[in-house]
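> need coordinates for the below:
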Amino acid sequence: MDASAGAGSGNAPAAGASSCCYYALLGIRKNASSTDIRAAYRRLAMKWHPDRWASDPGATGEAKQRFQRIQEAYSVLSDKGKRAMYDAGLFDPLDDDDQDFSDFMQEMLVMMDSVKNEKPDTLEDLQKMLDDIVKGDGGSRAPAAGGCGGRVPPEASRRTRVAPYPQPSRR
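Numbers count the residues shown, from 1 in each chain. The predicted structure follows:
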């Protein structure tokens, strides 16, 4: 096996991909395009395919493990929903029942992207909103009475004292 195999990497468990960064495993950056991901996968899959190592029985096991980890990384990073969950730290490779959550996360990402594309508030807009809030009208209502959001608590000027809860007497 070649020197790029890495010391001790053959001893990793089969589910070791979950402890490894998929981006590092494929040798790509986090902002890699789908084309970059596919190219990295193909290059590594060709290098570590178990059939290429069949002539070296000692290396076949490690090649198989590496190939499986490469396949797992590609399956996650090539799927938009799974990749978003992985980037958010929510992807569990051992949970096969995550399709509904993946769909939910995909919808959330689409909504967040649509919000990002809106024109951001200017400093002047933010200052006006803050002035409206400080004045008590919340920016959308008529001036509030007493600065309490339009409501004045009954008997606001008088405070009453509440007696403590009576303790049971000991006999």
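> what's the helix or strand bottoming out on mean pLDDT in the chain packed up against?
Least confident helix or strand of the chain, by mean pLDDT, DSSP states H and E, is helix 99-116 with a mean of 73. Applying 3 or more C-beta pairs under 8 Å, 6 or more residues apart in numbering; DSSP states H and E, we find helix 99-116 packed against helix 80-87. C-betas here are computed from N, CA, C, even on glycine.
> what sits up against the helix it packs on?
Helix 80-87 has contacts (C-beta atoms under 8 Å, 6 or more residues apart in numbering) with 22, 30, 75-77, 91, 98, 101-103, 105-106, 109.
> give me the contacts around the least confident helix or strand of the chain.
With contacts defined as C-beta under 8 Å, 6+ apart, helix 99-116 is touched by 79-82, 84-85, 88, 90.
> closest to Ala40 among those?
Proximity of the contacts of helix 99-116 to Ala40 (C-beta to C-beta) peaks at Asp79, which lies at 15.4 Å.
> and that closest one, how many neighbours?
Per other C-beta atoms under 10 Å, the neighbour tally for Asp79 reads 16.
> re the thing from before, could the contacts of helix 80-87 go into CSV alongside distance to Gln65 and neighbour count?
Compiled in CSV, the contacts of helix 80-87 are given as follows (distance: C-beta to C-beta, whole Å; neighbours: other C-beta atoms under 10 Å):
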residue, distance to Gln65, neighbour count
Tyr22, 15, 25
Lys30, 24, 11
Ser75, 16, 13
Val76, 17, 20
Leu77, 19, 25
Phe91, 20, 21
Asp98, 23, 18
Phe101, 28, 15
Ser102, 26, 18
Asp103, 31, 11
Met105, 29, 21
Gln106, 30, 17
Leu109, 32, 17
